[in-house]
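[1] 3D, please:
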Amino acid sequence: MTGSEEPPSFRLAYVPGVTPSKWVRIWSERLPDVPLTLDAVSAAEAPAVLRGRGADAGFVRLPVDRTDLSAIPLYTETTVVVVPRDHLFTAVEEVSAEELADDIVLHPLDDTLDWERPPGLPAFERPATTEDAVELVAAGVGLLVVPLSLARLYHRKDLTYRTITGVPESRVALAWPQEETTPDLVEEFIGIVRGRTVNSTRGRTPTPPQPKQKRADKGGAKGKPAAGSTGGKTGGKPVGKNTRGASGAAKSGAKRGKPRRRP
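    Model (predicted):
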(Lines give C-alpha, C1' and ligand atoms only; values in the text may rest on other atoms or scores of the structure.)
Protein backbone atom coordinates (compact mmCIF):
# COMPACT_ATOMS: atom_id res chain seq x y z
CA MET A 1 0.00 0.00 0.00
CA THR A 2 1.31 3.41 -0.92
CA GLY A 3 0.93 6.48 1.23
CA SER A 4 -1.82 7.85 -1.04
CA GLU A 5 -4.09 4.81 -0.67
CA GLU A 6 -6.75 4.83 2.02
CA PRO A 7 -7.35 1.72 4.15
CA PRO A 8 -10.59 -0.15 3.32
CA SER A 9 -13.78 0.82 5.11
CA PHE A 10 -17.48 0.07 4.74
CA ARG A 11 -20.36 2.54 4.98
CA LEU A 12 -23.82 1.23 5.87
CA ALA A 13 -27.02 3.28 5.71
CA TYR A 14 -30.19 2.26 7.53
CA VAL A 15 -33.72 3.60 7.78
CA PRO A 16 -35.73 4.20 10.99
CA GLY A 17 -37.04 1.00 12.51
CA VAL A 18 -34.14 -1.18 11.35
CA THR A 19 -31.67 -2.27 14.02
CA PRO A 20 -28.39 -3.33 12.37
CA SER A 21 -26.46 -3.97 15.61
CA LYS A 22 -26.37 -7.79 15.25
CA TRP A 23 -24.87 -7.64 11.76
CA VAL A 24 -22.43 -4.90 12.75
CA ARG A 25 -21.19 -7.05 15.63
CA ILE A 26 -20.59 -10.03 13.33
CA TRP A 27 -18.76 -7.73 10.88
CA SER A 28 -16.42 -6.47 13.60
CA GLU A 29 -15.65 -10.07 14.62
CA ARG A 30 -14.92 -11.26 11.07
CA LEU A 31 -13.26 -8.14 9.65
CA PRO A 32 -11.69 -6.29 12.58
CA ASP A 33 -9.32 -4.50 10.22
CA VAL A 34 -12.17 -2.95 8.17
CA PRO A 35 -14.13 -0.29 10.10
CA LEU A 36 -17.88 -0.10 9.47
CA THR A 37 -19.57 3.32 9.61
CA LEU A 38 -23.32 3.60 10.26
CA ASP A 39 -25.43 6.34 8.70
CA ALA A 40 -29.07 6.81 9.77
CA VAL A 41 -31.19 8.15 6.87
CA SER A 42 -34.89 8.59 6.23
CA ALA A 43 -36.73 5.99 4.16
CA ALA A 44 -37.30 8.56 1.41
CA GLU A 45 -33.67 9.60 1.04
CA ALA A 46 -32.05 6.15 1.41
CA PRO A 47 -32.08 5.27 -2.34
CA ALA A 48 -30.51 8.62 -3.26
CA VAL A 49 -27.78 8.11 -0.65
CA LEU A 50 -26.88 4.77 -2.23
CA ARG A 51 -26.94 6.13 -5.78
CA GLY A 52 -24.72 9.03 -4.74
CA ARG A 53 -22.21 6.60 -3.16
CA GLY A 54 -22.90 8.05 0.26
CA ALA A 55 -23.00 4.44 1.47
CA ASP A 56 -21.77 1.10 0.14
CA ALA A 57 -25.01 -0.63 1.10
CA GLY A 58 -28.10 0.12 3.11
CA PHE A 59 -31.25 -1.23 4.72
CA VAL A 60 -34.19 0.28 2.87
CA ARG A 61 -37.94 -0.12 2.70
CA LEU A 62 -39.42 -1.49 -0.50
CA PRO A 63 -40.37 -0.63 -3.12
CA VAL A 64 -37.25 0.98 -4.58
CA ASP A 65 -36.37 1.67 -8.19
CA ARG A 66 -34.08 -1.21 -9.23
CA THR A 67 -32.86 0.44 -12.40
CA ASP A 68 -29.45 1.01 -10.83
CA LEU A 69 -29.89 -0.57 -7.40
CA SER A 70 -29.78 -4.23 -6.42
CA ALA A 71 -31.92 -5.35 -3.49
CA ILE A 72 -32.46 -8.50 -1.45
CA PRO A 73 -35.81 -8.60 0.45
CA LEU A 74 -35.13 -9.64 4.05
CA TYR A 75 -38.39 -9.65 5.97
CA THR A 76 -41.94 -8.29 6.09
CA GLU A 77 -43.15 -6.36 9.12
CA THR A 78 -46.44 -6.61 10.93
CA THR A 79 -48.56 -3.46 10.60
CA VAL A 80 -50.10 -1.95 13.73
CA VAL A 81 -52.36 0.94 14.69
CA VAL A 82 -51.03 3.29 17.39
CA VAL A 83 -53.72 4.41 19.85
CA PRO A 84 -53.98 6.05 23.29
CA ARG A 85 -53.97 3.60 26.19
CA ASP A 86 -57.59 4.38 27.02
CA HIS A 87 -58.85 3.75 23.47
CA LEU A 88 -61.52 1.08 22.98
CA PHE A 89 -59.20 -0.85 20.63
CA THR A 90 -57.07 -1.83 23.63
CA ALA A 91 -59.79 -4.31 24.63
CA VAL A 92 -58.92 -6.56 21.67
CA GLU A 93 -55.74 -8.07 20.22
CA GLU A 94 -56.44 -7.26 16.58
CA VAL A 95 -58.56 -4.81 14.57
CA SER A 96 -59.46 -4.50 10.89
CA ALA A 97 -59.05 -1.50 8.61
CA GLU A 98 -62.84 -1.19 8.38
CA GLU A 99 -63.05 -0.60 12.13
CA LEU A 100 -61.11 2.65 11.67
CA ALA A 101 -63.77 4.10 9.38
CA ASP A 102 -65.02 6.65 11.94
CA ASP A 103 -61.59 7.60 13.34
CA ILE A 104 -59.19 10.26 12.07
CA VAL A 105 -56.12 8.43 10.82
CA LEU A 106 -52.93 10.46 10.45
CA HIS A 107 -50.94 10.02 7.25
CA PRO A 108 -47.44 11.54 7.68
CA LEU A 109 -45.44 12.69 4.67
CA ASP A 110 -42.74 10.11 5.38
CA ASP A 111 -45.24 7.24 5.53
CA THR A 112 -43.55 3.98 4.45
CA LEU A 113 -46.72 2.00 3.62
CA ASP A 114 -47.74 1.72 -0.01
CA TRP A 115 -51.35 2.86 0.34
CA GLU A 116 -53.93 2.74 -2.39
CA ARG A 117 -56.26 4.56 0.00
CA PRO A 118 -55.47 5.07 3.70
CA PRO A 119 -58.21 3.91 6.10
CA GLY A 120 -60.30 6.17 8.32
CA LEU A 121 -61.01 9.87 8.02
CA PRO A 122 -58.19 12.16 6.78
CA ALA A 123 -56.74 14.77 9.14
CA PHE A 124 -56.89 18.47 8.34
CA GLU A 125 -53.23 18.32 7.30
CA ARG A 126 -50.54 15.68 7.04
CA PRO A 127 -47.79 15.65 9.71
CA ALA A 128 -44.27 16.08 8.38
CA THR A 129 -42.86 12.93 10.02
CA THR A 130 -43.99 9.73 11.70
CA GLU A 131 -42.53 11.00 14.95
CA ASP A 132 -44.70 14.14 14.69
CA ALA A 133 -47.73 11.94 14.03
CA VAL A 134 -47.05 9.94 17.19
CA GLU A 135 -47.11 13.18 19.18
CA LEU A 136 -50.51 14.01 17.67
CA VAL A 137 -51.87 10.59 18.62
CA ALA A 138 -50.78 11.28 22.21
CA ALA A 139 -52.60 14.63 22.01
CA GLY A 140 -55.81 12.86 20.98
CA VAL A 141 -55.88 14.22 17.41
CA GLY A 142 -56.14 10.83 15.69
CA LEU A 143 -54.70 7.36 15.19
CA LEU A 144 -51.65 6.20 13.24
CA VAL A 145 -51.00 3.07 11.17
CA VAL A 146 -47.30 2.13 10.91
CA PRO A 147 -44.94 -0.87 10.73
CA LEU A 148 -44.39 -2.48 14.12
CA SER A 149 -40.75 -1.39 14.32
CA LEU A 150 -41.71 2.27 14.07
CA ALA A 151 -44.35 1.91 16.77
CA ARG A 152 -41.62 0.50 19.01
CA LEU A 153 -39.08 3.12 17.96
CA TYR A 154 -41.37 6.03 18.90
CA HIS A 155 -43.00 4.31 21.87
CA ARG A 156 -44.55 6.43 24.61
CA LYS A 157 -45.94 5.33 27.98
CA ASP A 158 -49.32 6.89 27.22
CA LEU A 159 -49.67 5.04 23.89
CA THR A 160 -49.97 1.42 22.80
CA TYR A 161 -50.64 -0.44 19.56
CA ARG A 162 -52.66 -3.30 18.13
CA THR A 163 -52.18 -5.46 15.04
CA ILE A 164 -54.33 -4.31 12.13
CA THR A 165 -55.48 -6.41 9.15
CA GLY A 166 -56.52 -5.42 5.64
CA VAL A 167 -53.69 -2.88 5.20
CA PRO A 168 -50.32 -2.91 3.37
CA GLU A 169 -47.23 -4.35 5.04
CA SER A 170 -43.73 -2.89 4.92
CA ARG A 171 -40.87 -4.97 3.51
CA VAL A 172 -37.26 -4.32 4.51
CA ALA A 173 -34.44 -5.07 2.07
CA LEU A 174 -30.67 -4.78 1.81
CA ALA A 175 -29.80 -2.64 -1.21
CA TRP A 176 -26.60 -1.48 -2.90
CA PRO A 177 -25.56 0.22 -6.17
CA GLN A 178 -25.32 -2.23 -9.07
CA GLU A 179 -21.91 -0.80 -9.96
CA GLU A 180 -20.55 -0.92 -6.44
CA THR A 181 -17.07 0.38 -5.71
CA THR A 182 -16.36 -2.22 -2.98
CA PRO A 183 -17.74 -5.49 -4.43
CA ASP A 184 -15.80 -7.77 -2.06
CA LEU A 185 -16.99 -5.92 1.03
CA VAL A 186 -20.58 -5.77 -0.23
CA GLU A 187 -20.51 -9.52 -0.86
CA GLU A 188 -19.08 -10.03 2.62
CA PHE A 189 -21.91 -8.05 4.21
CA ILE A 190 -24.54 -9.87 2.12
CA GLY A 191 -23.14 -13.13 3.46
CA ILE A 192 -23.39 -11.88 7.04
CA VAL A 193 -26.99 -10.77 6.61
CA ARG A 194 -27.92 -14.05 4.96
CA GLY A 195 -26.32 -16.04 7.75
CA ARG A 196 -23.39 -17.52 5.87
CA THR A 197 -20.69 -19.01 8.04
CA VAL A 198 -17.17 -17.63 8.12
CA ASN A 199 -15.95 -20.57 6.02
CA SER A 200 -18.58 -20.18 3.29
CA THR A 201 -17.18 -20.56 -0.22
CA ARG A 202 -18.84 -17.25 -1.12
CA GLY A 203 -17.10 -15.41 1.68
CA ARG A 204 -14.05 -13.21 1.16
CA THR A 205 -11.34 -15.38 2.71
CA PRO A 206 -12.52 -18.87 3.64
CA THR A 207 -10.29 -20.72 6.06
CA PRO A 208 -8.36 -23.48 4.22
CA PRO A 209 -8.90 -27.02 5.52
CA GLN A 210 -6.16 -28.27 7.79
CA PRO A 211 -4.30 -31.48 6.67
CA LYS A 212 -4.94 -34.54 8.78
CA GLN A 213 -2.00 -35.74 10.81
CA LYS A 214 -0.87 -39.32 10.25
CA ARG A 215 -1.16 -41.55 13.25
CA ALA A 216 2.11 -43.09 14.41
CA ASP A 217 2.17 -46.88 13.90
CA LYS A 218 2.66 -48.85 17.05
CA GLY A 219 5.31 -51.58 17.08
CA GLY A 220 7.48 -50.37 14.19
CA ALA A 221 6.98 -49.78 10.48
CA LYS A 222 3.62 -50.43 8.83
CA GLY A 223 3.21 -54.07 7.78
CA LYS A 224 6.28 -55.26 9.74
CA PRO A 225 5.74 -56.61 13.24
CA ALA A 226 8.26 -55.73 15.90
CA ALA A 227 11.08 -58.14 16.70
CA GLY A 228 9.83 -61.05 18.79
CA SER A 229 6.22 -60.25 18.02
CA THR A 230 3.85 -62.55 16.19
CA GLY A 231 2.02 -59.56 14.82
CA GLY A 232 -1.27 -60.83 16.26
CA LYS A 233 -1.00 -64.23 14.44
CA THR A 234 0.16 -67.74 15.42
CA GLY A 235 1.58 -69.95 12.70
CA GLY A 236 0.13 -67.69 10.04
CA LYS A 237 -3.43 -68.16 11.37
CA PRO A 238 -5.42 -65.59 13.26
CA VAL A 239 -5.55 -66.03 16.98
CA GLY A 240 -9.07 -67.20 17.71
CA LYS A 241 -11.06 -67.65 20.85
CA ASN A 242 -10.33 -71.40 21.09
CA THR A 243 -6.69 -71.35 19.87
CA ARG A 244 -4.04 -72.15 22.44
CA GLY A 245 -0.31 -71.38 22.41
CA ALA A 246 2.50 -73.98 22.15
CA SER A 247 3.06 -74.18 25.88
CA GLY A 248 -0.63 -74.79 26.42
CA ALA A 249 -0.59 -77.58 23.87
CA ALA A 250 2.42 -79.24 25.58
CA LYS A 251 0.75 -79.19 28.92
CA SER A 252 -2.42 -80.53 27.42
CA GLY A 253 -0.50 -83.38 25.74
CA ALA A 254 1.22 -84.39 29.00
CA LYS A 255 -2.09 -84.99 30.71
CA ARG A 256 -3.59 -87.20 27.99
CA GLY A 257 -4.08 -90.99 28.67
CA LYS A 258 -4.35 -92.94 31.95
CA PRO A 259 -1.38 -93.06 34.37
CA ARG A 260 0.45 -96.42 34.70
CA ARG A 261 0.17 -98.37 37.93
CA ARG A 262 3.36 -99.06 39.82
CA PRO A 263 4.17 -102.80 40.22
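[2] and Pro84, backbone torsions?
    Phi and psi for Pro84, reported as degrees, to the nearest 10, are phi -60, psi 150.
[3] that one against Val137, yeah?
    Yes. Between Pro84 and Val137 a contact is recorded at 6.8 Å, counting by CB atoms under 8 Å. Every C-beta, even on glycine, is put in place using the N, C-alpha and C of the backbone.
[4] more neighbours: the two, which one.
    Val137 (25 against 16; other CB atoms under 10 Å).
[5] which intervals of the stretch 1-150 of the chain have sub-threshold pLDDT?
    The stretch 1-150 of the chain contains residues with pLDDT under 70 at 1-5.
[6] now do the helices for it: every range, in order, please.
    For the stretch 1-150 of the chain, the helices defined by DSSP state H, counting those that start in this stretch occupy 21-30, 46-51, 130-138, 148-153.
[7] tabulate those helices (a markdown table), appending distance to Leu69.
    Converted to a markdown table, those look like this (distance: least, CB to CB, whole Å):
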| stretch | distance to Leu69 |
| --- | --- |
| helix 21-30 | 19 |
| helix 46-51 | 6 |
| helix 130-138 | 23 |
| helix 148-153 | 22 |
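[8] among these, which comes closest to Val186?
    helix 46-51 (11.0 Å; CB to CB).
[9] before we move on, back to that, hey, what's in contact with both of Pro84 and Val137?
    Counting by CB atoms under 8 Å, 6 or more residues apart in numbering, the contacts common to Pro84 and Val137 are Leu159.
[10] that older thread, nearest approach to Gly166 belongs to which of the helices of the stretch 1-150 of the chain?
    helix 148-153 (16.0 Å).
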